[in-house]
Every structure is written in structure tokens, then in C-alpha cells.
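>>> Attaching a predicted model along with its sequence, questions to come.
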Amino acid sequence: MSKLSIGGVELKSRLFIGTGKFPNHQILPEVIQASESQVITMAIRRVNLDSKEENILEYIPKDCILLPNTSGARNAQEAVRIARLARAMGLGNWIKIEVISDNKYLLPDNAETIKATEILAKEGFVVLPYMSPDLMAAKRLVDAGAAAVMPLGAPIGTNRGLKTKELVQIIINEIDLPVIVDAGIGKPSEAAEAMEMGAAAVLVNTAIATAENPVQMAKAFSLAVKAGYLAYHAKLAEQHQLAQPSSPLTGFLYEEVR
Amino acid sequence: MGFYDVYSQYKNIDYHQFYEELTDSDILKIIHKDRPINEIEFLALLSPKAENYLELMAQKAHTLSLQHFGKTVLLYTPMYLSNYCTNKCTYCSFSIDNQIKRKQLTAEEIEKEAKAIASMGFKHLLILTGESKKDTPLSYVIDAVHILKKYFDSIGVEIFPLTVEEYQQMIEAGVDSLTIYQEVYDEEIYRKVHLAGRKRNYHFRLDAPERGCIAKMRNVNIGALLGLGEWRSESFMTGLHANYLQNKYPDVEISVSFPRIRPHVGVFEDIYEVTDQNLVQFMLALRIFLPRVGITISTRERQGFRENLIPLGVTRMSAASSTEVGGHSIEDAGDGQFEIDDKRSLEEVRAAIFKKGYQPIFKDWVRI
Ligand code: SF4
């Protein structure tokens, strides 16, 4: 499997995982190990450095890349402030922009996300924006300096799979940056499907965190992502509307020439 | 248009006839629906008929809660700044006529309480006062917030209703969440239980959560004091109110609390019974109606019951509560508002949440 390069860093694993929603932090090291994930996202608003037990960083292996997110931000300004706070807290310079001002469906605000991306990229952050899959917005994010784009497969937490498939496919086809499918993926088969479409990686949280056995589910996702990636690079055989006969009906036209 | 219009639209419906006409298959269809349910379907889930399907409703509510909130419960604690009150509510110990020990914390005492509470590990604090603009004017609450924000990441207020401008002042001072209960949506009962004082103004209270949203509070928590009115209609109105706010102010997190009336110093006897089963039905119906709404359970409820509610959709719980003014650190604390039931320490509550397979969280917001 070739490596994925984001912000100048080469990654072996194409599965990113989230840390919210788990029944405890103690389970994280095992989940991370089973997932083989190297990029771990966490909400800054939840990071509690004061308490050893509550401090999530104690449970994330040192060789993983931290991907703090700005969840809770309702506009670009808040996202920028949260990102700066994350850097000041020593969480590195990768940041996932999450700007959500719709608490009913939790859909991201692309316009505000573009603004925040522009500001933070200029400040030297490796910016990974979470977005609604819209081609023009994705292009603007590229211009704003994003290191990858993260369209949603379905609204956060819904486990509904790749409801936005057509739109994500267009972004994959048209954008030169890595496209990471974030949110909505509920099953390993859906992660494999995203990879088969040509996604560079997928980010999974709810489906692993709320599984009966999160460690085993992390493993399942790891395998699915690899399978999908291999399938994409093996160049999936094309699908055809009509059966293609092994002895074509117009074959005789060419026989005479021979 | 305010919420009163929604209230008016539904207040005269014939609940009994509606319940009568419901069939088992109606209820099952609603529970199994893959899309959000509407107001009338929500009412159907509050019906006597739906009582036969509580387990199915619980399964659905559990799945929705897991998807949206995962296995986590946020912990917070209340801090009473003052128990002076100029109102006369028949169900509350702080009512002006009651002979209780009144107290109001000084700046030094607030700091002392803050240190005691913060040292336990709390990051989210809810500050409360009785409703007396004379004894606890806005400036007093704002001064308190200035002291408290050194110690806590999130500060909520549960005080007398304010104007939009006043809520904005609170937000500037560092407040990010507002709790205000209508107590009872039924206007007639409202008039009967609020005998005197500013609180008699039903409309000013009813619109307070909306004013908080307009001012851009991050979180607005509403509720009815269960027991003052008939629980099904009160639950219905609470859900409609939450839905109204959520639709109109999508950038505000809306939460609902389920306070049941508790023993207190006072005269109110005319209580409608709300059983554990009733409370559970309300919670399940609400979760199915509004999958993203926050659900808060206070220490008014007993410990075992609180734990069993967690998987059904609870997102926030208070712990180590005292309803006494200065109850966390001060020896001559003032009298409490009502009796609490779950009297366990924070450590015990944490351990119990872990045991239930959930993670207790102390911090869910960061002041920026
Ligand atoms: S419920 Fe509130 S307003 Fe009424 S008496 Fe108690 S503290 Fe005062």
C-alpha cells in the first residue's frame, strides 16, 4: 500500500479515528492499536489537562498524530480561536475545522469553514476541514490552503453510510488534495466502499466507539479500509449495463480484414 | 410569533379523545419510523396506550442516544448564591413567606465555595439564586461570574428571567448556558401556584428561553416542574417548546430537564402524581421526537433510578449537589430549596457511571 501524504507527513494507515463517545479512556490504547490508525482526532472542548485520569493525551500513543478538532465552534472566528488554543496547549499544528451552527442535524457551515481554513493555513496549521460535499466549496478550500478535504458521508453519528456518494465522487474526481470521508460511516463495508471510490482515507468514530466490542470493530475497519484501497488500485473492472458476449455480434465485420 | 402561539394552538385539544382513537398499530408505526416524528406522533408516544410499548421505545431511544451522544455523561454541580426571594410560589421553600434561614454569599464566600467545588474536579457549574432583583441584582450575579470563571470552564445560570440585553450582559461576563423552567405550562395552574411577585407574569417567563437564544446563549435548558400539572400535557408542551426553540435557533443547544416536585417547606398539596414509569415514558418519547436534545437528570432523583436512566438518553447529570446557600464549604449555610435524594459524593457517582458502561465527563466546553 503506498503511503498517504498530508501536510508533508507520510502515513501508512488510511483510517483516522475519533475519541468521543467511548465508555472510558482506558480502552483507547487497545482500540488505536487494533485500528492501526496514526491520526487520532479529539475535541478541544473535551480536553482536560488538569486531571491525569481525564486527560485523553495520557491514552494516545506518542507516535500518533493528534488531530484536535474545533467542535463546538459556531463560526469561523470561534474555530480560529479554538485552533490557536489547541496549539498553545501543545497539541501540534494539525487541526480539523468543524464549524457547526445547526444543532439539529449538525451539518457543517461551508462558508465559515472556508474563512477559518484561510486564516489558519496562513498561520502554518495543517488544516483539514470537515465539510458538506459541495464541489465549489471544496475548490475554495483548496485555494484557502487546506491540506485535505473531509466531506461527510451522512450527518455525524447517524451511521447511515455514504448517502452523499455521488457528490463525494465528484470531489474525488476533481480535487487534487486527499479526500477523507468523515462522518456517517457506520459499517466496515461502507468504509471499504469509500476507499473503492478513491477516497484517500476515512475517519470513523461513532461506529467504533459505540460498538459492543470497540476493539474488534476497530480491527474490522482497519481491514476494510485496506481492502477498499487495494480494490481501487487494482482498478475495479468496469460495470456494464448490457452483458458483453464473448462472441460479439459484429465480430464478422472484422474477420474479412484478417 | 412566539411559543405562546404554539401553546395556544394545542392547549384546547381534546387529549382524551385523541388517546381513545389511537390504535396499537399507530404506536408501533411511530416507533418503527425511520424519519423524525412530528408533534402529533410525539403526543401519541405520551399516551396511555404507548405505556404498553415502553421497552420498544426504550430500545429506540437507546440507539438514538448512542448514535448522537455515545457512552458519555457530562457532570456538573449547582451552587446556590442566595436564597432571598420576592415571589410567593406555593411549591418552594424559598417563597417569601416561609420562615427559613436566609443567606447570600459574599464575594469571599463565593471564592471559597468555588475553590471547594473546583477541587473536586468539576469544570461545569450552575449558579442559582432565589428570584430577588433587590437582593441579588444583575450586577451581583455578574460580579459572581467574574470570580467563578477563574475556576470553571462553563458557567450556567438559573436565576430570574431577564431581558435580551441583560442576557447579553451575562454572556459577556462569561455565562454560556441558561436554565429556566416554566414550572407549569398550564396557564390556569400557573396563576394558582404563583401567588405573588414578578413571577406571576406567565408570558415574561414563557419567552425567557427564547430571549436567551436571541442573546446567543450556547445552551438553553428548559423544563416543567413535574407534579404541578397533569404530566402528559405538561410533557407535551415541554417537548413542543424544545422543538420550537431548536427549529428557530439551530445554533443553540437545547436541553430539557425532568424535575419532579420534591419535599420542601411550603403549602402546596395539590400534586399530580408522576410515577417513575411516567417520567421514563416522557424521557423516551422526547428522545424519539428530538434525538439531539440534551437531557438532564438532577440529584432530585434517587441513585439507582438515575443510573437506570443513563442508557435511555441522559446526557447530563448533577452530582454532589447541595441546594443550601454555601452548602459546599460554609458552616452556617442557608436553608435549602428542596431535599435532594441522591446524596452520594462525586467519586461515588463517577464510579457508578463507569460501572454502567459510560464515561463521566467533566468538561464539554472551553472558554475562548
Ligand atoms: S420557585 Fe423560585 S421564585 Fe418561586 S419561591 Fe422558589 S426561588 Fe422564589
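Received the coordinates, thanks.

>>> Pick out the residue in the stretch 1-150 of chain A sitting closest to the ligand.
A:N103 (28.1 Å; CB to the nearest ligand atom). (Each C-beta comes from the backbone N, C-alpha and C, glycine too.)

>>> correct me, but B:G327 touches B:G336?
Yes: in this structure, B:G327 is within contact of B:G336 by CB atoms under 8 Å, at 7.0 Å.

>>> shared neighbours of those two, which are they?
Residues touching both B:G327 and B:G336 (CB atoms under 8 Å, 6 or more residues apart in numbering or on different chains): B:Y80.

>>> where does the residue of the stretch 1-150 of chain A closest to the ligand land in three-state SS?
coil (DSSP: H, G, I helix; E, B strand; the rest coil).

>>> interface residues of the stretch 1-150 of chain A facing chain B?
A:20-25, A:44-48, A:51, A:54, A:72, A:74, A:78, A:81-82, A:85, A:101-104, A:106 (CB under 8 Å from any CB of the partner chain).

>>> Point out the ones among the residues you listed that are inside helices.
Under the assignment DSSP state H, those contribute A:78, A:81-82, A:85 to helices.

>>> So which of these is surrounded by the most neighbours?
A:I82 (25 neighbours; other CB atoms under 10 Å in any protein chain shown).

>>> what's the closest residue to it other than its chain neighbours sitting at in phi/psi?
Leaving aside its sequence neighbours, A:I82 sits nearest to A:T70 (CB to CB, 6 or more residues apart in numbering or on different chains; 4.3 Å). Dihedral angles of A:T70 (phi, psi; degrees, to the nearest 10) stand at phi -100, psi 30.

>>> Name the residue of chain B that lies nearest to chain A.
B:G70 (2.1 Å; CB to the nearest CB).

>>> Double-check that residue against A:N24; I have them as touching.
No: between B:G70 and A:N24 there is no contact, the gap being 11.4 Å when judged by CB under 8 Å.

>>> So those two - more neighbours on which side?
B:G70 (21 against 16).

>>> give me every residue that touches B:Y272.
If you count contacts by CB under 8 Å, 6+ apart, then B:Y272 has B:227-231 around it.

>>> and with 6 Å instead?
B:227, B:230 (CB atoms under 6 Å, 6 or more residues apart in numbering or on different chains).

>>> Repeat that for B:E172.
Counted by CB under 6 Å, 6+ apart, B:E172 has zero contacts.

>>> Contacts (any at all) between chain A and the helix or strand harbouring B:R306?
Secondary structure assignment for B:R306, by DSSP states H and E: helix B:303-313. No: judged by CB under 6 Å from any CB of the partner chain, helix B:303-313 stays clear of chain A, getting no closer than 11.0 Å.

>>> Any buried residues in that helix, and which?
Within helix B:303-313, the residues that qualify as buried are B:306-307, B:309-313, counting by 16 or more other CB atoms under 10 Å in any protein chain shown.

>>> Packing partners of it?
Applying 3 or more CB pairs under 6 Å, 6 or more residues apart in numbering or on different chains; DSSP states H and E, one finds that helix B:303-313 makes contact with helix B:54-69, strand B:294-297.

>>> if we go to 10 Å?
helix B:54-69, strand B:72-82, helix B:276-289, strand B:294-297, strand B:316-318, helix B:346-355 (3 or more CB pairs under 10 Å, 6 or more residues apart in numbering or on different chains; DSSP states H and E).

>>> Which parts of the chain are strands?
Since no chain was named, I'll use chain A. A:4-6, A:9-11, A:15-18, A:39-43, A:65-69, A:94-97, A:126-131, A:150-151, A:180-182, A:201-204 (DSSP state E).

>>> The chain in question should be chain B.
B:72-82, B:88-89, B:124-129, B:154-158, B:177-179, B:194-196, B:219-223, B:253-257, B:294-297, B:316-318, B:359-361.

>>> Go ahead and measure how far the first one is from the middle of the chain.
This points to strand B:72-82. Its chain's C-alpha centre and that of strand B:72-82 lie 11 Å apart, by CA atoms, centre = their mean, to the nearest Å.

>>> That strand to strand B:154-158, inter-axis angle?
50 degrees (axes from the mean of the first three to the mean of the last three CA atoms, to 10 degrees).

>>> pLDDT on strand B:72-82, on average?
Averaged across strand B:72-82, pLDDT comes to 93.

>>> again, but for the last one
Here the mean pLDDT over strand B:359-361 is 92, rounded to a whole number.

>>> How about the third one?
Here strand B:124-129 scores 94 as its mean pLDDT.
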